[in-house]
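Q: Could you look at this predicted model? Sequence included:
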Amino acid sequence: MIKFRDIRINYGDFTAIDGLNLNINKGEFFTFLGPSGCGKTTTLRALAGFISPAGGTIEVNGKDITGVPVEKRKIGIVFQSYALFPSMNVFENIAFGMRVLKLDKKIIAEKVRAVAKKIDLSDSQLLRNVSELSGGQQQRVALARAIVMKPEILCLDEPLSNLDAKLRLGLRGELKRLQRDLGITTLYVTHDQEEALTLSDRIAVFNKGKIEQVGTPDEIYNHSTTEFVCDFIGDINRLPPALVEKAAIQSGKKPEAGKRGFIRVERLSIAPTPRCKVYFPGIVTDREYYGLYIKYTFQVEDTLLKCLEKNDGSPFLNTGDERNLYFCIDDIMLI
Ligand SMILES: Nc1ncnc2c1ncn2[C@@H]1O[C@H](COP(=O)(O)OP(=O)(O)O)[C@@H](O)[C@H]1O
Ligand SMILES: [Mg+2]
């Protein structure tokens, strides 16, 4: 439905986006994930029409929209910083776009009420001034203002980043439900890997103005194709070639020369399973207590490897304890 073709975006001499190609499907919850400054917002703003690319085209439903003005693009946007009109009440904020289009007053009122109901804003809250609302409520208003216009595409740029942790989790769940309800194609920008993994149908991982990998949350997490993606998403162990080779030999596989291995911390365990029979002998050098799990550091030859164990009541291991670290050969990502 949305196609970015060879998009290049410059700020003066600086190239922020360099040859970006991406296809987003209708109805998808699609996330741009990456560290601050990698070009997520820039790409989103180009889609919305606030920025003109120096090269390439953006298509929506097969039509080139690269030169179409912002107000003709049918794209709803919610920013990190709410960007509400401070002098208006909640109702007026949500109604703003429809008033600009000079819709009938009764229809506007109906639509505002309907959308407010969807996102849990009460009738009395509609009459409050937006400055009296909490951050979470303001972000609901911003969301209502965007979806009341029935956009074809909804763009959300770090909409939860200014909220505290608990509220962020709650609103995240609501956002997902709302998106499923509406079935609206959604582009979501975040630097938070957990948000990306829990919300998205697919994710594009950005790094320095380029896309490193596109895939489902599980593909990105368990089948990372670049070192950057391995590192940026989740906690990972690096295996030097010697250990990669040892693991391969033990499992009866042919070692792949010249590749570096990466394995997620939760894919190493001190207990063998039918799936995980290959092991490295190691010595415990550190233990961190996380409540839900314990994170151990093991020394295996010259390498420190971390592993997570469920905090299931088993006695803790201590520094100096010798154990085998078991894993499945297929869980090593070779890059
Ligand atoms: N208006 C601007 N003028 C100059 N450089 C900018 C401007 N906006 C963003 N940049 C630069 O472009 C790069 C990408 O920025 P941005 O898209 O905002 O990243 P992200 O949203 O991933 O944090 C950064 O290096 C940033 O400093
Ligand atoms: Mg940004």
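A: Yep, it's here. Numbering: from 1, shown residues only. Ligands and ions are numbered 1, 2, ... in the order given.

Q: quick one, domains of the chain?
A: 2-232, 236-334 (automatic domain parsing).

Q: Output stretch 128-136 as CSV, nothing but the C-alphas.
A: The C-alpha coordinates for stretch 128-136 follow below in CSV (Å, rounded to 0.1, in the frame of the first residue of the first chain):
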residue,chain,number,x,y,z
ARG,A,128,-12.1,20.5,30.0
ASN,A,129,-9.3,22.6,28.8
VAL,A,130,-6.5,20.4,27.4
SER,A,131,-4.0,22.0,29.8
GLU,A,132,-5.9,20.6,32.7
LEU,A,133,-5.4,17.0,31.5
SER,A,134,-2.6,14.6,32.4
GLY,A,135,-0.1,13.6,29.8
GLY,A,136,-1.8,10.3,29.1
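
Q: quick revisit: would you point to the one among the domains of the chain that's packed deepest?
A: domain 2-232 (a mean of 18; mean count of other Cβ atoms under 10 Å). Using the backbone N, CA and C atoms, a C-beta is placed for each residue, glycine as well.

Q: And that domain, end to end?
A: This stretch, domain 2-232, spans 26 Å end to end (Cα to Cα, to the nearest Å).

Q: In the chain, which helix is the longest?
A: helix 165-182 (DSSP state H).

Q: tell me the strands in the stretch 151-300 of the chain, going along the chain?
A: In order along the chain, the stretch 151-300 of the chain carries the following strands (DSSP state E, counting those that start in this stretch): 153-157, 185-190, 202-207, 210-215, 236-239, 261-264, 278-289, 293-300.

Q: For those, please prepare TSV with the additional fields distance to ligand 1 and mean pLDDT.
A: Shown next, in TSV, are the strands of the stretch 151-300 of the chain (distance: least, Cβ to the nearest ligand atom, whole Å; pLDDT from 0 to 100):
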stretch	distance to ligand 1	mean pLDDT
strand 153-157	7	95
strand 185-190	6	97
strand 202-207	6	98
strand 210-215	12	98
strand 236-239	22	95
strand 261-264	24	95
strand 278-289	30	97
strand 293-300	29	97
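
Q: Let me have those in JSON lines, extended by distance to A248.
A: Converted to JSON lines, those look like this (distance: least, Cβ to Cβ, whole Å):
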{"stretch": "strand 153-157", "distance to A248": "43"}
{"stretch": "strand 185-190", "distance to A248": "36"}
{"stretch": "strand 202-207", "distance to A248": "27"}
{"stretch": "strand 210-215", "distance to A248": "24"}
{"stretch": "strand 236-239", "distance to A248": "11"}
{"stretch": "strand 261-264", "distance to A248": "9"}
{"stretch": "strand 278-289", "distance to A248": "9"}
{"stretch": "strand 293-300", "distance to A248": "15"}
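
Q: among these, which is nearest G12?
A: strand 210-215 (19.2 Å; Cβ to Cβ).

Q: May I have the strands that pair with that closest one, each with its orientation?
A: Strand 210-215 pairs in its sheet with strand 202-207 (antiparallel), by DSSP bridges.

Q: Just the residues contacting the strand it pairs with, thanks.
A: For strand 202-207, the surrounding residues in contact (Cβ atoms under 8 Å, 6 or more residues apart in numbering) are 22, 24, 28-35, 38-40, 43, 196-197, 211-217, 220, 228-229, 232-233.

Q: those helices in the stretch 1-150 of the chain, which residues are they?
A: 40-48, 90-100, 105-118, 123-126, 135-147 (DSSP state H, counting those that start in this stretch).

Q: Lovely, talk soon.
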